[in-house]
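[1] sequence plus the predicted model coming up.
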Amino acid sequence: MLLERVPSSTTIPNELIGSRIETERERLKTDFEEVTADLSEGDEQSANSEVETSRERARTRLRVAHRHRKEAATLWGSYRAATDDITREEVVRRRDSQRDRLATFRTGWEYRAPTPIRAILVHSDFESLIRDIQHSLEPWPPFPEDPQAATDEVGYILGKIEQAAISLGDLERYQRQVGNQNVRSYRPALMAAATWLRRRARDEAYSVEQPLEQGVAGFDDEIGDSVTRHEFRFARKVAQQYSNSELLDRIKEENYAEAVLFATTRRTAVSAFAAIVDEVESKPPETTVSAEHIEKSRQNARQRVQDALNHRSKPLMAHVLSPVFDVLREAHNELQGGSSGNPPRAYAGYRYAGHFAETAADAADELAYLLENAAN
């Protein structure tokens, strides 16, 4: 363990720094022992629990171990700087070594998984993890000219490199695991699905390009200050947030799993917006709002969201439905605002959330169809 490389009693010339390192070492040692004991006790208490699964506890253990290892590396780096036992060249070698590991992983990264949906979920996490690794391996801050005068900075630098090493270890373990299983590569299927969903959303967005760009300004005479106006604004905001340019960025960066998730949400957002535009153009604006209307709309939204979550893989649908959770939160806050709240906006938020959830189920079906055809 890295922590064991830091002595409990140091002989650092700077007594203040030495005392601080000794105190931090004791804190980390105590913290790790207490957390480990709590997890062991929790294993006994929750052996038959339906709430916390063994997989969740394993993940908790892994997070604790990772955090402790990074903190120990940071302290070890500070100690080595304080004892003048580290050089810029060593730090560069350690960083380059992790960069080589990352390059090797990416060379063999084929988005392997048992199913295409599993590939999306697992490898979207990997894409995010790789961005974090790349950030950790950036040569910033630069190694100080006088390490002994900047022990915290040296510790931070080594902690970043160790964090990259930890994350790379997780990626490599998964790669070895799937390498021993009969699983296929879904990289081409994800590339194709993301591209097709982007095109379909782009074609539908083209039909509502003017209201998407102009907003309510083009409908002021028709909708005034109505529930319909608020719902239109919710729909437009989400459609703009999940833009074609943002999706293209993910595809260009070859983050295909994230691109599929983003494309499916964009497809949903654009379809929901187009439906609301059609409603604005074909129906009189809704202006009546009552407590009964709001409650009925709220219950309907909750049911549709639950139905959507159960429609396909729940983790997949949770990603696609992520904008809805923000809208539901905003609607709830409007009702909690008392005299400063806006009940018509709350009502509109619940209506839009219900419509988005229903549309999300259709988009998920479309994604499943595209993946099935692309994989065969």
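    Sure thing, it's come through.
[2] so what's the backbone phi/psi at residue 112?
    Backbone torsions for residue 112, taken as degrees, to the nearest 10, come to phi -80, psi 140.
[3] check which helix or strand covers the residue nearest to it when sequence neighbours are not counted.
    Leaving aside its sequence neighbours, residue 112 sits nearest to residue 178 (Cβ to Cβ, 6 or more residues apart in numbering; 4.4 Å). The C-beta positions use only the backbone N, C-alpha and C, and glycine is treated the same way. Assigned by DSSP states H and E, residue 178 belongs to helix 151-179.
[4] what is that helix packed up against?
    Under the contact definition 3 or more Cβ pairs under 8 Å, 6 or more residues apart in numbering; DSSP states H and E, helix 151-179 sits against helix 54-82, helix 88-107, strand 112-113, helix 116-136.
[5] pick out the shakiest of the ones you listed, pLDDT-wise.
    Mean pLDDT per stretch puts helix 54-82 lowest among the helices and strands packed on helix 151-179, at a mean of 88.
[6] now do that helix against helix 88-107, angle only.
    Between helix 54-82 and helix 88-107, the angle comes out at 150 degrees (axes from the mean of the first three to the mean of the last three Cα atoms, to 10 degrees).
[7] what angle do helix 54-82 and helix 116-136 make?
    Going by the same axes, to 10 degrees, helix 54-82 makes 10 degrees with helix 116-136.
[8] next, the angle from helix 54-82 to helix 151-179.
    Using the same axes, to 10 degrees, helix 54-82 lies at 140 degrees relative to helix 151-179.
[9] and helix 54-82, which residues are buried?
    Using 16 or more other Cβ atoms under 10 Å as the test for burial, helix 54-82 gives 64, 66-82.
[10] quick one on the thing from earlier: and after the helix holding residue 178, which helix or strand comes next?
    Of the helices and strands lying after helix 151-179 in sequence (DSSP H and E), the nearest is strand 184-185.
[11] pLDDT of the helix or strand just after that next one, averaged?
    Past strand 184-185, further along toward the C-terminus, the next helix or strand under DSSP H and E is helix 187-207. Taken as a whole, helix 187-207 carries a mean pLDDT of 94.
[12] list the contacts of the helix or strand where residue 249 lies.
    For residue 249, the host element (DSSP H and E) is helix 244-252. Residues outside helix 244-252 that contact it (Cβ atoms under 8 Å, 6 or more residues apart in numbering): 191, 194-195, 198, 201-202, 205, 256, 258-259, 262-263, 266.
[13] tell me what the longest helix anywhere in the chain is packed against?
    Longest helix of the chain, by residue count under DSSP state H: helix 343-375. Secondary-structure packing of helix 343-375 (3+ Cβ pairs under 8 Å, 6+ apart): helix 116-136, helix 187-207, helix 227-241, helix 256-282, helix 291-311, helix 314-320, helix 322-336.
[14] that one vs helix 322-336, what angle?
    170 degrees.
[15] give the buried residues for helix 343-375.
    Quick answer for helix 343-375 (16+ other Cβ under 10 Å): 343-361, 363-364, 366-368, 370-371, 374-375.
[16] please apply the same query to stretch 188-208.
    189-198, 200-201, 205, 208.
[17] Serialize the residues you listed to a markdown table and add fields for distance to residue 142.
    Formatted as a markdown table, those follow (distance: Cβ to Cβ, whole Å):
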| residue | distance to residue 142 |
| --- | --- |
| 189 | 43 |
| 190 | 38 |
| 191 | 38 |
| 192 | 43 |
| 193 | 42 |
| 194 | 38 |
| 195 | 41 |
| 196 | 45 |
| 197 | 43 |
| 198 | 40 |
| 200 | 47 |
| 201 | 44 |
| 205 | 45 |
| 208 | 50 |
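[18] determine which two of these are furthest apart.
    189 and 208 (29.4 Å; Cβ to Cβ).
[19] what's next to stretch 207-218, contact-wise?
    205, 219, 223, 229, 232-233, 236, 239-240, 270, 273-274, 277, 280.
[20] keeping just the C-alphas, turn it into CSV.
    Presented in CSV, the C-alpha positions along stretch 207-218 are these (Å, rounded to 0.1, in the frame of the first residue of the first chain):
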residue,chain,number,x,y,z
SER,A,207,-40.0,20.9,-40.4
VAL,A,208,-40.1,23.1,-37.2
GLU,A,209,-37.0,25.1,-37.9
GLN,A,210,-38.7,28.5,-37.7
PRO,A,211,-40.5,28.1,-34.3
LEU,A,212,-37.3,26.4,-33.0
GLU,A,213,-35.3,29.5,-33.9
GLN,A,214,-37.8,32.2,-33.2
GLY,A,215,-39.5,30.8,-30.1
VAL,A,216,-42.9,32.2,-29.0
ALA,A,217,-42.4,35.4,-31.0
GLY,A,218,-44.0,33.8,-34.0
